[in-house]
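In: sequence and predicted structure, then a few things I'm wondering about:
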Amino acid sequence: MYAVLALLVLGLLSGCVSTQVRTAEDPAGKPLRIDGSVVLVEPDIELYELSAGGLTEPRKAWTETARRLYPQAARDLLQAQGIALRPDFILPADAGPENRLRQLQLLNQAVSISILQYARPSSPLRNKHGKFDWTLGPGVAELRQATGADYALFTYVRDSYTSGGRAAMRVIGFLLLGGDIGGGMQVGLASLVDLRTGQVVWHNLLLDQTGDMRDPGGARETAGDLLKGIRR
């Protein structure tokens, strides 16, 4: 998914931080509000180091830190907005591709990619009639039964950090080529799904050239950007 996502977001980054918030509307054209409890589904987070040659190398310790810090930051933010939370939902370690709840998580990622592709004015789907109208289908009922929540918050983040060698190469690029060869970047997707209907009621894409999830402050900043506009 990361390779597909990278291609889709290429050229969308207009500054250090960019978000694309989309919210479903009620029949009166007003943004839907959260009416019920939310469960934070185990976030899909991976952190990498960007080498001098531009290759991304997984960093296990960084990833484990981010997976610990981000959920707490997200919970704190949601609770501060008065949103009722259910205990986090963690997939069993042995849950394979045939597991229905893992399949639901993968389905959400596929729908998020479709939203990025087709929920823009430049490439709309005619059957959507200009509306933000996306669903995961009735299969979400299993997650509601497992958690007791009315909504599920899905999160996907891939974050890369510039190595010392890459930083040196960027300086050389500026001096010799007059341009930036690029450094690390944070790419995140978050979606809120109504488990009573399957409807995606809120969705956000985060692109950040400076985000850092390896410390509590950075995790709080990422949560604030990624969950922007979740309650209006």
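Out: The structure has been received and is ready for your questions. Keep in mind it's a predicted model, so treat the numbers as computed, not measured.

In: quick one: the strands in the chain, in order.
Out: Secondary structure of the chain by DSSP state E: the strands cover 17-23, 38-40, 44-50, 56-58, 151-162, 186-194, 200-208.

In: what count of nearby residues applies to the closest residue in space to residue 218 that isn't next to it in sequence?
Out: With sequence-adjacent residues excluded and distances taken as Cβ to Cβ, 6 or more residues apart in numbering, residue 218 is closest to residue 212, at 3.8 Å. For the C-beta atoms, the positions are set from N, CA and C on the backbone; glycine is no exception. Residues lying near residue 212 (other Cβ atoms under 10 Å) number 18.

In: how far away is residue 212 from residue 42?
Out: Residue 212 is 21 Å from residue 42, where distance means Cβ to Cβ, to the nearest Å.

In: what do you get for residue 49?
Out: Distance from residue 49 to residue 42, by Cβ to Cβ: 23 Å.

In: which of these two has more residues huddled nearby?
Out: Set residue 49 next to residue 42 and count neighbours by other Cβ under 10 Å: residue 49 wins out with 18 against 14.

In: correct me if wrong: the more buried one contacts residue 214.
Out: No. Using Cβ atoms under 8 Å, residue 49 is not in contact with residue 214; the gap is 11.1 Å.

In: quick one: common contacting residues for the two?
Out: Both residue 49 and residue 214 are in contact with 62, 161, where contact means Cβ atoms under 8 Å, 6 or more residues apart in numbering.

In: so what's the residue count around the closest residue to residue 185 other than its chain neighbours?
Out: Leaving aside its sequence neighbours, residue 185 sits nearest to residue 209 (Cβ to Cβ, 6+ apart; 5.5 Å). Neighbouring residues of residue 209 were enumerated by other Cβ under 10 Å; the total is 15.
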